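>>> any chance you could fold what I've pasted below:
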Amino acid sequence: MPHVFEPAASGRSKCRGCGRALQKGEIRFGERLANPFAEGEMTLWFHPMCAAYKRPESMLEALASVADAPDRGALERAANASKSHARLSRIDGAERAKGNAACRSCREPIPRGEWRIRLVFSNRYGHVPVKLGAVRVGPAGEPRAARALTFSGQPGAAILPGATVTSDPVALAVQPLSRLAVTTWLPAPTPVASFHWGAQQTMQIDNTSIGGRLFLSAVLVETAQPARTVVALGDSTTDGNGSTPDADRRWPDILADRLAPHGIAVANAGISGGRLARDGMGTSALARFEQDVLSQPGVADVIVLLGINDIGWPGSPFAPGERPATLDELTAAYRQLVAASHVRGVRVTAGTLPPFEGALAGTPYAGHYSPAKERLRQQLNDWIRASGAFDAVVDFDAVLRDPARPRRMRAAFDSGDHLHPGDAGYRAMADAIDIAPLLR
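Numbering: from 1, shown residues only. As a prediction, the model looks like this:
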């Protein structure tokens, strides 16, 4: 057989993926190849999960022919995810610098033991190029540690309409959950079409504080071992509206705290005003799912919390003339997300929609809630719980609702607008997620 799963015999061999020793008795994966230096065959040994990321085709072939493969489901998902992100294999398989090394793009030395990062900037919705004159990145609060970025060896870059640019790697010691400060110089007046509004984060533009982010789309961190990502896809509740600004108290932040010790990252793809099946403040989840979820490096799971704006917007000041959403429309959209995810080996967890009686009452946006909209919310939640369409369900509705008045959010969890949780509510949401399936 060209592939084999077996216990390591001696403990002297090393994984060809991560370079760590294969302990004696530890299950290892072997790929048998023709020996290019002598007659016969040679065997490349891997930790099974490293092989799933480094040799996805070989792993999938082995799983199809080996009946007793360990952790079959997890290996299949990892291999399928790695195949879909093959273009990022250098990032997935990077190592710490071993000294006397220099970046091949910018020629800057890479200090021994440091990791490297890349930043991604987007002009996704722009109609003219965006010129980046200079970009620096470093640990937040440590301006002297900031490093200048280059793009294909140059200090700046032009982002064409609809495109992104990715920086050259820069050596920077970053720890899980650490905060970075990114400084960008725009050398010319620049129309802003691609931005993240709100996000409970503050940026400075000419010493003026504004909530949100401009153009910065992602931070990619090289890891010594193949890493996994959980994507949180949602609307303003996932974006953290109602939480303390600049304190990282959104539910995906707290989930990241729980998963970081296991080497799993969380990417927040929440957009305030986002909707599942229709465009809102940004395109629908159906339209952005490929780019915002399935194209994330190492994505293995997505947690989806969407639908309340599909239900609440029609007939409100947000969409006064729009027809009401229907249960069939929303469930069909959810099934499409599940189908697209499963094709790529990504698991889907759905969250039930939290209670929203009285949402935005007394504000210019009153009308978000009505008894008819509440009936649709409950119908959708019943379907999420009982349909079997998802790999897992987290019942945010049950966590957040007031037991004495289940259509309304519990006061201790309410930010005050009866739509978004506060810090305590977001923590309860994150704590309600069973992370055991995410670790497999």
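
>>> contacting residues for the residue nearest to residue 250 when sequence neighbours are not counted?
Leaving aside its chain neighbours, residue 250 sits nearest to residue 240 (3.2 Å; criterion: C-beta to C-beta, 6 or more residues apart in numbering). C-beta here means a position set from N, CA and C on the backbone, and glycine is covered the same way. Contact partners of residue 240, counting by C-beta atoms under 8 Å, 6 or more residues apart in numbering, are 199-200, 249-253, 268, 270, 426.

>>> can I get these in JSON lines with distance to residue 305?
Rendered in JSON lines, the data for the contacts of residue 240 read as follows (distance: C-beta to C-beta, whole Å):
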{"residue": "199", "distance to residue 305": "16"}
{"residue": "200", "distance to residue 305": "16"}
{"residue": "249", "distance to residue 305": "16"}
{"residue": "250", "distance to residue 305": "12"}
{"residue": "251", "distance to residue 305": "9"}
{"residue": "252", "distance to residue 305": "10"}
{"residue": "253", "distance to residue 305": "15"}
{"residue": "268", "distance to residue 305": "11"}
{"residue": "270", "distance to residue 305": "8"}
{"residue": "426", "distance to residue 305": "12"}
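
>>> what residues of stretch 220-228 count as buried?
Applying a neighbour-count criterion of 16 or more other C-beta atoms under 10 Å, one finds 220-223, 225-228 buried in stretch 220-228.

>>> dump that stretch to PDB, keeping only the CA atoms.
The C-alpha trace of stretch 220-228 is given here as PDB (Å, rounded to 0.1, in the frame of the first residue of the first chain):
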ATOM      1  CA  LEU A 220      -2.000  36.500   8.300                       C
ATOM      2  CA  VAL A 221       0.300  35.000  10.800                       C
ATOM      3  CA  GLU A 222       2.700  32.200   9.900                       C
ATOM      4  CA  THR A 223       2.600  29.200  12.100                       C
ATOM      5  CA  ALA A 224       5.000  26.400  12.800                       C
ATOM      6  CA  GLN A 225       2.200  23.800  12.500                       C
ATOM      7  CA  PRO A 226      -0.900  23.700  10.300                       C
ATOM      8  CA  ALA A 227      -3.500  25.900  12.000                       C
ATOM      9  CA  ARG A 228      -7.300  25.900  11.900                       C
END
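
>>> return the per-residue confidence for the closest residue in space to residue 433 that isn't next to it in sequence.
Taking C-beta to C-beta, 6+ apart, and ignoring the residues beside it in sequence, residue 433 has residue 394 as its nearest neighbour in space, at 5.2 Å. Turning to residue 394, the model gives it a pLDDT of 97.

>>> cross-check the contact I'm expecting between residue 394 and residue 349.
Yes. Between residue 394 and residue 349 a contact is recorded at 6.0 Å, counting by C-beta atoms under 8 Å.

>>> find the residues that touch each one of those two.
A shared contact of residue 394 and residue 349, defined by C-beta under 8 Å, 6+ apart, is any residue touching both; here these are 303, 433.

>>> how would you label residue 372: helix, strand or coil?
Of the three states, residue 372 takes helix according to DSSP: H, G, I helix; E, B strand; the rest coil.

>>> which residues are in contact with the residue lying closest to it once chain neighbours are set aside?
Counting by C-beta to C-beta, 6+ apart, the nearest residue to residue 372 once its immediate chain neighbours are dropped is residue 324, at 7.3 Å. By C-beta under 8 Å, 6+ apart, the contact set of residue 324 is 314-315, 372-373, 376.

>>> what does residue 134 give?
Neighbour list for residue 134: 148, 155-156, 184-185 [criterion: C-beta under 8 Å, 6+ apart].

>>> ok, how many other residues are close to residue 332?
The criterion is other C-beta atoms under 10 Å. On that basis, residue 332 has 12 neighbouring residues.

>>> secondary structure element for it, which one?
Following DSSP states H and E, the helix or strand that holds residue 332 is helix 327-343.

>>> other residues contacting that helix?
For helix 327-343, contacts defined as C-beta under 8 Å, 6+ apart pick out 276-277, 284-286, 289-290, 293-294, 302, 304, 307, 310-311, 347-348, 350, 376, 379-380, 383-384, 387, 389-390.

>>> so which of those residues are in strands?
Secondary structure of those is defined by DSSP state E; positions in strands are 302, 304, 347-348, 350.

>>> related to what we said a few turns ago, show the buried residues in the contacts of residue 134.
So, of the contacts of residue 134, 156, 184 end up buried under the neighbour-count rule (16+ other C-beta under 10 Å).

>>> who's the most centrally placed residue in the chain bridged to?
The centroid of the chain falls nearest to residue 267 when counting by C-alpha atoms, centre = their mean (2.5 Å). When bridges are taken as DSSP bridges, the partners of residue 267 come out as residue 231.

>>> next one: it from residue 21, what distance?
Taking C-beta to C-beta, to the nearest Å as the measure, residue 267 falls 31 Å from residue 21.

>>> got it, and residue 167?
Residue 167 sits 34 Å away from residue 21, taking C-beta to C-beta as the criterion.

>>> of those two, who's got more company?
residue 167 (23 against 13).

>>> what residues are up against that one?
For residue 167, the residues meeting the contact criterion (C-beta under 8 Å, 6+ apart) are 118-121, 135, 149-151.

>>> in strands only, show me the residues you listed.
Mapping the contacts of residue 167 onto strands (DSSP E) picks out 118-121, 135.

>>> turn the residues you listed into CSV, including neighbour count, pLDDT and distance to residue 365.
Conversion of the ones in strands among the contacts of residue 167 to CSV gives the following (neighbours: other C-beta atoms under 10 Å; pLDDT from 0 to 100; distance: C-beta to C-beta, whole Å):
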residue, neighbour count, pLDDT, distance to residue 365
118, 18, 93, 39
119, 23, 95, 35
120, 14, 95, 33
121, 24, 95, 32
135, 25, 95, 37
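
>>> could these go into TSV alongside distance to residue 407?
Conversion of those to TSV gives the following (distance: C-beta to C-beta, whole Å):
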residue	distance to residue 407
118	46
119	44
120	41
121	43
135	48
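
>>> ok so, going back, is it possible to export the contacts of residue 134 to a markdown table including distance to residue 416, pLDDT and secondary structure?
What follows is the contacts of residue 134, written out as a markdown table (distance: C-beta to C-beta, whole Å; pLDDT from 0 to 100; DSSP: H, G, I helix; E, B strand; the rest coil):
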| residue | distance to residue 416 | pLDDT | secondary structure |
| --- | --- | --- | --- |
| 148 | 43 | 94 | strand |
| 155 | 46 | 93 | coil |
| 156 | 43 | 93 | coil |
| 184 | 34 | 93 | strand |
| 185 | 38 | 93 | strand |
